[in-house]
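Peer 1: Here's a sequence, model it:
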Amino acid sequence: MSLKSKIIILFIRIIGLLPLSWVRHMGAVVARLSWMIQTRDAKVTQTNIDMCFPLLDEQQRRDLARQSLIETGKLALEI
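Peer 2: Now for the predicted structure:
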């Protein structure tokens, strides 16, 4: 098993020991950082929201994309 695999497994085990509220908070923090540095996930989320909700104004679409990314971050660590 590679070192990368061992680190991922260790991370998953540690996350599994934490209370759900902490895990959700960590997911939200990771997603907010992702939004701030405009990672690929943030850009894809923004593009999808823009395509799905063209009638919303730009600020509403931006807020919706940001919130969507935050909820996705929470869910990713919950799983």
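Peer 1: what's the helix or strand for Pro54?
Peer 2: Secondary structure assignment for Pro54, by DSSP states H and E: no helix or strand.
Peer 1: who's in contact with the residue of the chain most remote from its centre?
Peer 2: Distance from the centre of the chain peaks at Met1, with 27.5 Å (Cα atoms, centre = their mean). Contact analysis of Met1 by Cβ atoms under 8 Å, 6 or more residues apart in numbering lists nothing. For glycine as for every other residue, the C-beta is placed from the backbone atoms N, C-alpha and C.
Peer 1: Distance check, it against His25.
Peer 2: Plainly put, Met1 is 30 Å away from His25 if you go by Cβ to Cβ, to the nearest Å.
Peer 1: Helices of this protein, start to end?
Peer 2: 3-17, 20-36, 40-52, 58-78 (DSSP state H).
Peer 1: how about the third one: buried residues?
Peer 2: It stands for helix 40-52. Under the neighbour-count criterion of 16 or more other Cβ atoms under 10 Å, helix 40-52 has Ala42, Thr45, Gln46, Ile49 buried.
Peer 1: hmm, who's touching that helix?
Peer 2: Ser34, Trp35, Arg61, Arg62, Leu64, Ala65, Ser68, Leu69, Thr72.
Peer 1: Do I have it right that the last one meets Ala31?
Peer 2: Yes - Thr72 is within contact range of Ala31, at 6.5 Å (criterion: Cβ atoms under 8 Å).
Peer 1: which one of those two has more residues nearby?
Peer 2: Neighbours were counted for Thr72 and for Ala31 using other Cβ atoms under 10 Å; Ala31 has more, 26 against 15.
Peer 1: ok, the residue nearest to the more buried one when sequence neighbours are not counted to Met1 distance?
Peer 2: Closest residue in space to Ala31, ignoring its immediate chain neighbours: Gly73 at 2.8 Å, by Cβ to Cβ, 6 or more residues apart in numbering. Counting by Cβ to Cβ, the separation of Gly73 from Met1 is 27 Å.
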